[in-house]
Each structure stands twice: as C-alpha cells, then as structure tokens.
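**Student:** sequence first, predicted model second:
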Amino acid sequence: MDAETSFGLGRELENWGGVEDLPAMRTHYRDAAEAGLVEAMGRLGLLCEGRTQAKLENRLPAEVQGDFVEAARWYRTAADRGDLYAAFWLGRLYAERLGDWAQAEPWYRQAADAGHDTARKRLAAGANGAARRVAEDAYLMHMDKLRGGGRS
C-alpha cells in the first residue's frame, strides 16, 4: 500500500473510529511516516504523545501518558521538513508536557514565522502562559475526579 493510502486510512480511523482503532492508526501512520509523508509524521507524533487517545476518550491530554521521546522525534522530523503544525506541536510538547519553555520557544517561533497564529499567541504569553495552561488542565482533572470522572 502506498504512503498516501496508508495515511488516508489512518486519518479515517482517527476521524471515525474509536480507542480500539489506535493500534491500526499507529500502523498506518507509521507506514506512511517511514515512507516519508511529512503530514503522517506529525499525526504519528500526536498519537505517540497520547493526544489522539485523549481526544478519542474525551479526556485532557495530561490525563494520558504517552511516549514523549518518540513523539518529539516524529514532530522534529516533520518540523525540519517544513511542517508548521509539527513545529507547533513540538513546542507545545516541551512547554506543556515537559515544562521546558527554553526548548519550546524556538519551535513556537518556527511555527509562528510560518504563519501559525496560535504559536504567535503562545510566544506572546511566554512561559507564564504555558504554566497557566498546565495549571488549568490540572484543575479540570481534579474537578472531574470530584464529580466522578468523565468529561462531558
């Protein structure tokens, strides 16, 4: 199967499937990414980070532990090939999941320079903005637990 077809199947599963489809998504995205499809590299990064699972389970990303090393590798590979979304996602991984603004800033800047509006906003907010978003997520998780789980 060619990279575009494999990527398309992964996107279809991501858009219309469920948590049970995560292994198949990973296979399709990995096949397409390893064949050099830049967009697949970014989507695989999201899957490795745990954001795809969080989205499918209607949970906050902080509630799902992913493989941050592998996610960063795929984001970086895609960003180095010009993917502004992957640059943004890598910045977000460093800022919000790893708490490292110094590593996040250049990736946010790369995305912002390429026209990513949210990256511009994150740069303007700086490290304090990243810390605020992390604190808000922790608060929401705490409130969900008090209510008995499950985000609506």
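**Tutor:** Cool, the structure landed.
**Student:** show me what contacts residue 110?
**Tutor:** The contact partners of residue 110, taken as Cβ atoms under 8 Å, 6 or more residues apart in numbering, are 79, 84, 87, 91. Yep, even glycine has a C-beta here, placed from its N, CA and C like the rest.
**Student:** where does the chain have low pLDDT?
**Tutor:** Judged by pLDDT under 70, the chain has its weakly predicted residues at 131, 134, 137, 139, 141-142, 144-145, 149-152.
**Student:** longest helix of it, counting residues only.
**Tutor:** Among the elements of the chain assigned as helix by DSSP state H, the one spanning the most residues is helix 117-147.
**Student:** and that helix, what does it pack against?
**Tutor:** Using 3 or more Cβ pairs under 8 Å, 6 or more residues apart in numbering; DSSP states H and E as the contact criterion, the secondary-structure elements in contact with helix 117-147 are helix 84-92, helix 101-113.
**Student:** farthest-separated two in the contacts of residue 110?
**Tutor:** Within those, 84 and 91 form the most distant pair, 10.6 Å apart (Cβ to Cβ).
**Student:** next one: the spatially most central residue of the chain from residue 126, what distance?
**Tutor:** Residue closest to the mean C-alpha point of the chain, counted by Cα atoms, centre = their mean, is residue 46 at 3.5 Å. Look at residue 46 and residue 126: by Cβ to Cβ, to the nearest Å, they are 24 Å apart.
**Student:** one more: residue 92?
**Tutor:** For residue 92, the distance to residue 126 equals 14 Å [Cβ to Cβ].
**Student:** any idea how far the nearest residue to residue 140 once chain neighbours are set aside is from residue 35?
**Tutor:** Counting by Cβ to Cβ, 6 or more residues apart in numbering, the nearest residue to residue 140 once its immediate chain neighbours are dropped is residue 60, at 6.0 Å. For residue 60, the distance to residue 35 (Cβ to Cβ) stands at 32 Å.
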